[in-house]
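>>> Build the 3D model from these lines:
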Amino acid sequence: MAEEFNVAILGATGAVGTRLISQLEQSTIPVKSVKFLASARSAGKVLKFKGEDVTIEEAKPESFDGVDLVLASAGGSVSKKFLPEAVKRGAVCVDNTSAFRMDPQVPLIVPEVNAKELVNHKGIIANPNCSTIQMVVALEPIRQQFGLKQVIVSTYQAVSGAGQSALNELMEESEQYIKGEEINPQILPTKGDNKHYQMAFNLLPQIDVFEDDGYTHEEWKMIHETKKIMLNDMDAKDIKVTATCVRVPVRIGHGETVYFEVEDKSATAKQIQDALSNAAGVVLQDDPSQQLYPQSINSEGSRDTFVGRVRPDLENEGNFNMWVVSDNLLKGAAWNTVQIAEELVKNNLVRVPENAYEA
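Numbering: from 1, shown residues only. Model prediction:
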């Protein structure tokens, strides 16, 4: 009889948390029991899992007693507080926050790219940033066949990436704008910064706070996460990466223009399209004659990463452009997290090793 697992979802009530529940319901993971954990204000509320009522509990260190697998998306500070405690109690944790992504003790995993790194986990595995995930899913089959020297990415990121409250604000602002009412933004571009700007009918070239070098932290994440995922070194020089991240008034589904240079200068756009069409997790939608290309609105609810507009840079040999779209709450968050957990189960890795993670 297959082993069954006691699973806890930390941050069960959030936009990603509710999707973690639905993705777990649909997954291949044999669930013995499930526990929903959240803040004290959500404790006592009831959610469903496979048709059964599950009462939300307040997250405490002892909540993880007897838990085998934790799927977490409750914010970085919550993960830092609770996940080391969960590991001490024997639980393996897959974290969807930024808390552990650059921690050298923690693998940063996109299953289509570097699932092999899971054997090195010490009890915590990190889920990358949503915008990084879809980009590396699209780039990895290209890297495998043609090599990869440089990536220049510009993102068009949906508001849901900033959380449910930001999404609510977008909808409220849209109504206010149409009615000619005063708009008083409170959240975007980022709640933790000094100024807030209207998102409705606008573009904001700031996601997260600015670093001293003029890049935002979101751009920093895309650069260093890509290197860690592909080369296992966040500062690797083998692939050059730069990013510009822009928030757009779209609900769900990040878009990205990805400009890249391959090592094989004989590569053609057709060969790259063929590599993408055969890649796991990728759907190629690329027929300009029929105006076929990925759109954010069509990606919502899908686990796939959609790629189109593959074309060469006519001025620079070995350089190409493509357009990449994915549901940032699914492949960019909940599905990638559950997909990692499926890999752990499949490879008998739901166990905390002796050299367990230490905060």
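>>> Point out where this structure drops to low pLDDT.
Regions of the chain meeting the criterion pLDDT under 70 cover residues 1-2.
>>> In it, what residue spans correspond to strands?
Ranges of strands in the chain, per DSSP state E, are 5-10, 31-38, 46-49, 52-55, 57-58, 69-72, 92-95, 124-126, 150-157, 240-247, 254-261, 282-284, 305-312, 319-326.
>>> so which of the ones you listed comes closest to Lys228?
strand 124-126 (9.3 Å; CB to CB). C-beta coordinates here come from the backbone N, C-alpha and C atoms, glycine included.
>>> Redo the strands of the chain as TSV? Include mean neighbour count.
Below are the strands of the chain laid out as TSV (neighbours: other CB atoms under 10 Å):
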stretch	mean neighbour count
strand 5-10	25
strand 31-38	20
strand 46-49	14
strand 52-55	11
strand 57-58	15
strand 69-72	27
strand 92-95	28
strand 124-126	26
strand 150-157	20
strand 240-247	20
strand 254-261	22
strand 282-284	20
strand 305-312	22
strand 319-326	24
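>>> Same list (these) but as a markdown table, adding distance to Lys346.
Below are the strands of the chain laid out as a markdown table (distance: least, CB to CB, whole Å):
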| stretch | distance to Lys346 |
| --- | --- |
| strand 5-10 | 12 |
| strand 31-38 | 15 |
| strand 46-49 | 22 |
| strand 52-55 | 25 |
| strand 57-58 | 29 |
| strand 69-72 | 13 |
| strand 92-95 | 13 |
| strand 124-126 | 14 |
| strand 150-157 | 30 |
| strand 240-247 | 30 |
| strand 254-261 | 28 |
| strand 282-284 | 21 |
| strand 305-312 | 21 |
| strand 319-326 | 23 |
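>>> so which of those strands comes closest to Glu25?
Proximity to Glu25 (CB to CB) singles out strand 46-49 among those, at 6.5 Å.
>>> helices and strands around the closest one, which ones?
The contact analysis (3 or more CB pairs under 8 Å, 6 or more residues apart in numbering; DSSP states H and E) places strand 46-49 against helix 15-26, strand 31-38, strand 52-55.
>>> So for Glu263, which of those sits nearest?
helix 15-26 (36.0 Å).
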